[in-house]
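> This is a predicted model, with the sequence first.
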Amino acid sequence: MARTLRTVLDGLAFGEGPRWRDGRLWFSDMHAHEVIAVTPDGKRETIVTSPTAVSGLGWLPDGTLLVVSMDDRKLKKLKDGRLVDHADLSGVATINPNDMVVDAEGRAYVGNFGFSLYPPEPQKPAKMALVQPDGRVSVAAEDLIFPNGTVITPDGKTLIVGETFAGKMTAFDIAADGSLSNRRVWAQLPEGAVPDGCCLDAEGAIWVASPTTNEVLRIHEGGRVSEKIDTKIGAYACMLGGADRKTLFILICQASDPQATLTERGGAIVATEVEVAGAGLP
């Protein structure tokens, strides 16, 4: 099925971490150090600026915004218009933390690169951090190959994370205390594709951005791909939103290098309508 993509917002450095909330798409312009919210018709508001690169977003049960602060390996919260420390991730994240999902209890699961992308280093496994609502940090999972986009099923019992450089989606059972167990491969992506940001729909399929193949895939448990959307340039994240949660917002960019993205401002958000509504978290 060919879908028409419309541009919602352009001129971004590098959009990441899209989340639908209160009628707007919230996201991080990572290398521009901004958290932004945009309406479906493209009206943007800068929510907060940061001294560091920013990535994953989520909310505590009281509505407090959480923001992954990459360079100092912190999880921040928005208080009185500025970002303050919520948790120190440096004991778990050996390098830049990136994407995150926050559950209904306010527990945050935060991945990290595991190794440097710029300048490049050999691949190393990473740990995923579990941050309790009070800021306590522990290890949720180990030996993940660049844990990235993450979703939680509507019943709150399963977490699925994309291991970018392993080309697969990995699932865990979530215990009552937030701990993870029963690790298993949920789906292997097609050859050449890698998972980045992702979102879950009401049929249990996951829309996942694949920057290496310039597309967004709708993938099912076991690995069946029911749809591919060609984005022409790198697709780095996606989110189902809109009034009926059937608008698929896709964050695309010409490059991922921090300096190139700031110079080129080739990042954009495009959107298309799909048949199955979003579900679960984020």
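Noted; the coordinates are in hand. This is a predicted model, so every value here is computed, not measured. Numbers count the residues shown, from 1 in each chain.

> gap between stretch 274-282 and the chain center?
On the basis of Cα atoms, centre = their mean, to the nearest Å, stretch 274-282 sits 15 Å off its chain's mean C-alpha point.

> meant to ask about stretch 169-183, not that
That offset, for stretch 169-183, works out to 18 Å (Cα atoms, centre = their mean).

> Quick check, G17 in contact with L65.
No: G17 is beyond contact range of L65, at 11.4 Å (criterion: Cβ atoms under 8 Å). Just so you know, the C-beta spots here come from the backbone N, C-alpha and C atoms, and that holds for glycine as well.

> okay, these two: which has more neighbours?
A direct count of neighbours by other Cβ atoms under 10 Å for G17 and L65 places G17 higher, at 28 against 20.

> got a list of what that one touches?
By Cβ atoms under 8 Å, 6 or more residues apart in numbering, the residues touching G17 are 27-28, 30, 54-57, 68, 99-100, 197, 237.

> Now it: which helix or strand?
strand 15-21 (DSSP states H and E).

> So I229 versus R21, what's the distance?
To R21, I229 is 23 Å away according to Cβ to Cβ, to the nearest Å.

> meant to ask about K77, not that
As judged by Cβ to Cβ, K77 and R21 stand 15 Å apart.

> that older thread, quick check: next helix or strand after the strand holding G17?
Taking DSSP H and E, what comes next after strand 15-21 is strand 24-29.

> Direction included, what does the next helix or strand along the chain from that following strand pair up with?
For strand 24-29, the following helix or strand on the C-terminal side (DSSP H and E) is strand 34-38. Strand pairing for strand 34-38, determined by DSSP bridges: strand 24-29 (antiparallel), strand 44-49 (antiparallel).

> Give me the residues contacting the helix or strand of the chain with the lowest mean pLDDT.
The weakest-scoring helix or strand in the chain, judged by mean pLDDT, DSSP states H and E, is helix 258-264 (a mean of 82). With Cβ under 8 Å, 6+ apart as the test, helix 258-264 has contacts from 13-14, 30-32, 53, 118, 253-255, 267.

> Contacts only, for G278.
With contact taken as Cβ under 8 Å, 6+ apart, G278 is in contact with 20, 199-202, 239-241, 245-246.

> The residues you listed in helices, which ones?
Cross-referencing these against helices under DSSP state H gives no overlap.

> Put the buried members of those into a PyMOL selection.
The PyMOL command for the buried members of the contacts of G278 (criterion: 16 or more other Cβ atoms under 10 Å) is given here:
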select buried, resi 20+199+200+201+239+240+241+245+246
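
> Return the closest of the contacts of G278 with respect to D177.
Among these, L200 lies closest to D177 (Cβ to Cβ), at 22.6 Å.

> Surely the closest one is in contact with A279?
Yes: counting by Cβ under 8 Å, L200 does reach A279; the two are 5.4 Å apart.

> overlap in contacts of the two?
When contacts are counted by Cβ under 8 Å, 6+ apart, L200 and A279 are jointly contacted by 153-154.

> In strands only, show me the contacts of G17.
Mapping these onto strands (DSSP state E) picks out 27-28, 54-57, 68, 99-100, 237.
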